[in-house]
Structures are given as structure tokens and as C-alpha cells.
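Participant: build me a model from this:
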Amino acid sequence: MPWPTDAPVRLAPCLIPNTVNPYVPQLKWDVSSHPSTARRVTGAHVTLPLDFAAGGGGGGGGRDDGTTGLRVDEPVTYPASDRIIVSCDQIGIIGQLWGPIVIERSGGRSVTIRDLLAGIYAFFQTRVTRAEVERISSLGEDNYQSMVDAYRRRTTQSDLGASRDWEWREGVRRVDCLGEGRWWWGAWLTYPYYNDGDDNLEGILWRLHLGLMDSAHRNVIHI
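Facilitator: Purely as a prediction, here's the structure:
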């Protein structure tokens, strides 16, 4: 899919919401799982693995020949950026609690799709403190039980294998605050964006927004 040409900052087309069928996102990914488990969904509803065999981001070594999946070493934006702010304002109470996700690469290297997915995953894997649990509970009467239920489901999955006990002992993570709404839906750009001191400081001010969806609203695609 070609890059769009009518915008000053362009997002990798594979990351945007599916404009043909929004219930079939272009990436099939539960953000509670490592990005290597993500799958690309083609226009023909075929799922392909992401190309995580290549080295760290920025090298341009990923491939996309139609059979191997998505180039995860492709820059997230064009022009490329070494610092991206990901807003979670559209995801329930996440934006209220922890603000945006900041993804940076040193030495002026561009943030890649690999970096973006890894940064999102790391953000949601952060453990929730007791003070944060209390605040979450105060924001809604069902929040605490929903979070605990999500934690129990996540830590009792059969595919965790030997790590199941470890995950249980580690306790509640930010991803548990998502409930069932932890599946990738898409990302989009907004600009101009008010600079609150934590944005891209050069050129046009913009921010990347993250959208997630409930598994019940996804069209199930079988590999």
C-alpha cells in the first residue's frame, strides 16, 4: 500500500484503522501479548506474521514481499521522527492515569513500527501501584472488579505455560485496566496539536493517537 501524499506528516498505512471494514483491523494484536505475536491482516483477510526476524529498528532490513508479513523496521512516519508521542486519550481512563506513551530513539534514528509496538507493549506491562489501584477504584464503582477480573483471565491462560505462576505473583498491570478492550484497532495522526511541553518540538506539532477495541467487536479471523 503506498504512502499518502496529501499530508505534511504521513503515517505508515499498515497502522491506520481499516477504512473498508473497521471491525477487521490491519493488525491482529492483543496488546497484553508480546509484539512478536501480532499478525498482519491482508485485504483478503489472510493473516501473516510480522517480520520480527530482522535486527533492531531503523535498519530497513525488514521485508514485505506479500508472503513474509510486515516490514517492522519501516519508519512509523514520513518524514521519519526520532521521538513520537502516543496519546491514550481515547482509551477509557488510561490517558487520565498515565498520560501519553513517549517513544524515543537516540542518535537521531527514526522510530520504527517495531519500536512503536514494543513501546506500547512496555507501557501496558508496567505494574500498577497500590495508590493507582485506589485512584482507579475511585473513578468508577465497577473499575476495581473489572481490573481484577482481567488480571485473573490474563494470568490463568493455558498458553502461559511455566510463566503462569510468575505472572500471577507479579500482580496487576496497566493492561488489566483495559478489560476486554485490549485489541489493536489502529493509530492516527492529529495536527496541529497544542504543545503542552511534551510533544515533537520541531516542525509541525502533531501527535499519534492509539485506538483499541473489545474482542467481542472484532471479526474473528482464523489463521
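Participant: just the strands in this structure please.
Facilitator: For the chain, strands defined by DSSP state E occupy the ranges 10-11, 27-28, 39-41, 47-49, 77-78, 83-87, 101-104, 183-190, 207-213.
Participant: possible to save those strands as CSV with distance to Val148?
Facilitator: Glycine gets a C-beta too; all of them are placed from N, C-alpha and C. Below are the strands of the chain laid out as CSV (distance: least, C-beta to C-beta, whole Å):
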stretch, distance to Val148
strand 10-11, 36
strand 27-28, 27
strand 39-41, 29
strand 47-49, 32
strand 77-78, 38
strand 83-87, 27
strand 101-104, 24
strand 183-190, 20
strand 207-213, 20
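Participant: between the two ends of stretch 38-49, how far is it?
Facilitator: For stretch 38-49, the first-to-last residue distance is 7 Å (C-alpha to C-alpha, to the nearest Å).
Participant: before we move on, what about stretch 71-81?
Facilitator: From start residue to end residue, stretch 71-81 stretches across 17 Å - C-alpha to C-alpha.
Participant: let me know the outermost residue of this protein.
Facilitator: Distance from the C-alpha centroid of the chain peaks at Glu141, with 27.1 Å (C-alpha atoms, centre = their mean).
Participant: got a list of what that one touches?
Facilitator: Counting by C-beta atoms under 8 Å, 6 or more residues apart in numbering, Glu141 touches no other residue.
Participant: for it, give me phi and psi.
Facilitator: phi -70, psi -20 (degrees, to the nearest 10).
Participant: give me the neighbour count for Trp183.
Facilitator: Using other C-beta atoms under 10 Å, Trp183 has 21 other residues around it.
Participant: list the contacts of it.
Facilitator: Pro25, Lys28, Trp29, Asp30, Val31, Leu212, Met213, Asp214, Ser215, Arg218.
Participant: what about the helices in the protein?
Facilitator: Taking DSSP state H, the helices of the chain run over residues 94-98, 113-125, 130-138, 143-155, 164-170.
Participant: single out the most deeply packed of those helices.
Facilitator: By mean neighbour count, with neighbours taken as mean count of other C-beta atoms under 10 Å, helix 113-125 ranks first of the helices of the chain at a mean of 21.
Participant: now do that one: everything it contacts.
Facilitator: Here helix 113-125 makes contact (C-beta under 8 Å, 6+ apart) with 12, 14-15, 29, 31-35, 38, 52, 56-58, 62, 70-76, 84, 86, 98, 101-103, 105, 173-175, 178, 182, 187, 210.
Participant: how far away is the residue nearest to the spatial centre of the chain from Asp142?
Facilitator: Nearest residue to the geometric centre of the chain (C-alpha atoms, centre = their mean): Ile120, 4.5 Å. Relative to Asp142, Ile120 is positioned 25 Å away (C-beta to C-beta, to the nearest Å).
Participant: beta-bridge partners for His209, please?
Facilitator: Beta-bridge pairing of His209 under DSSP bridges involves Ser87, Trp188.
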